[in-house]
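*Asks:* I need the structure of the sequence given here:
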Amino acid sequence: MEGKEDKHLKIMITNDDGIFEPGVEALADVLSHFGEVVIVCPDTEKSAYSHKITLGQPLKLKKIDFAPTAEAYAVNGSPADCVKLAMEVLLKEKPDIVFTGINLGPNVGRDMYYSGTIAAAQEAMLYQVPSVAVSLDTFKKENIKFGIVKQMLYRVVEVILQNKIAKNVMLNVNLPYTSKELCKGVAVVPMDLTISRYHYTALNDPQGQDFYWLKDNYQNLKVNEGTDYQLLKEGYITVSPIDLKHTQKRKIDQISRWFTNFNYVQEEN
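*Replies:* Below is the predicted model of the structure:
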């Protein structure tokens with residue numbers, strides 16, 4: 001890959017699989033062509049941590065010497081902790097953009113509410129820093145050829161950095177596990193929240209007591225046409241913009257009217 005390196009661009013990387021997962025180094029290799037990279041990741045796997053932050057116990061930053069293309073630090077906390085700690089303590093100035101990943105396994109549909117990868121990108125949004133979550137549609141860690149993944153990701157990153165992400169928006173990117181030649185293109189789609197990917201399975205322990213194990217049914221789901229689920233499986237890169245806004249002015253006005261009479265009675269009393 002020929003780089004278009006600009007050392008004035010400050011890029012931060014985090015993830016939820018842990019700092020020693022190969023997806024982090026692969027992401028750093030790609031992003032180092034575009035700017036100066038710093039890595040701040042959990043010291044162990046923190047998948048499905050959502051937007052948890054650590055309360056009631058101290059966090060530690062430890063410098064790690066494993067990525068030749070970037071400074072790297074491990075944190076004994078969540079993905080959101082990593083971003084928050086980097087923004088408030090570690091970095092002298094905020095990065096220009098935050099990337100999270102490369103996550104092992106896709107983040108589609110309702111994963112928006114569970115994923116530590118996405119939550120870390122959302123934490124960056126809270127600091128008015130553009131962010132991109134990157135996931136790969138495979139679970140077979142030992143067989144991943146990151147060379148073909150990096151070639152495809154490079155082209156996506158190049159387009160993203162040539163444009164401007166709004167400060168209250170993050171991009172959730174899912175890569176099919178295929179070569180850039182076989183990739184069918186990029187589909188910008190919403191995340192399909194109608195599909196329930198995870199279900200509890202009941203089992204019995206030796207004493208006959210029920211316990212429940214959360215099973216991922218991703219491989220066997222019947223999916224809707226034109227959704228992030230379907231297009232990713234068909235070989236498209238999916239990009240889903242996620243807005244930071246959680247309240248809407250129209251809904252505030254509407255629900256305020258519900259309590260008009262209540263407030264009137266309170267004033268009379």
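
*Asks:* isn't there a strand covering residue 27?
*Replies:* No: according to DSSP: H, G, I helix; E, B strand; the rest coil, residue 27 belongs to no strand; its state is helix.

*Asks:* need the strands for the stretch 1-150 of the chain, in chain order.
*Replies:* Shown for the stretch 1-150 of the chain, the strands assigned by DSSP state E, counting those that start in this stretch span residues 10-14, 36-42, 61-64, 70-75, 97-104, 131-137.

*Asks:* can you list the residues that contact the third one?
*Replies:* Yep, that's strand 61-64 we're talking about. Contacts with strand 61-64, where a contact means Cβ atoms under 8 Å, 6 or more residues apart in numbering, come from 19, 39-40, 43, 71-75, 85, 89-90. In short, each C-beta sits where N, CA and C put it, glycine included.

*Asks:* Which positions within it qualify as buried?
*Replies:* Residues of strand 61-64 classed as buried: residue 61 (neighbour count, 16 or more other Cβ atoms under 10 Å).

*Asks:* can the strands of the stretch 1-150 of the chain go into a markdown table with extra columns for mean pLDDT?
*Replies:* Below are the strands of the stretch 1-150 of the chain laid out as a markdown table (pLDDT from 0 to 100):
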| stretch | mean pLDDT |
| --- | --- |
| strand 10-14 | 98 |
| strand 36-42 | 97 |
| strand 61-64 | 95 |
| strand 70-75 | 95 |
| strand 97-104 | 97 |
| strand 131-137 | 98 |
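
*Asks:* Of all the ones you listed, which one comes closest to residue 205?
*Replies:* The closest of the strands of the stretch 1-150 of the chain to residue 205 is strand 97-104. By Cβ to Cβ, the value is 29.5 Å.

*Asks:* tilt between that closest one and strand 10-14?
*Replies:* Put simply, strand 97-104 runs at 30 degrees to strand 10-14, going by axes from the mean of the first three to the mean of the last three Cα atoms, to 10 degrees.

*Asks:* Thanks a lot, see you next time.
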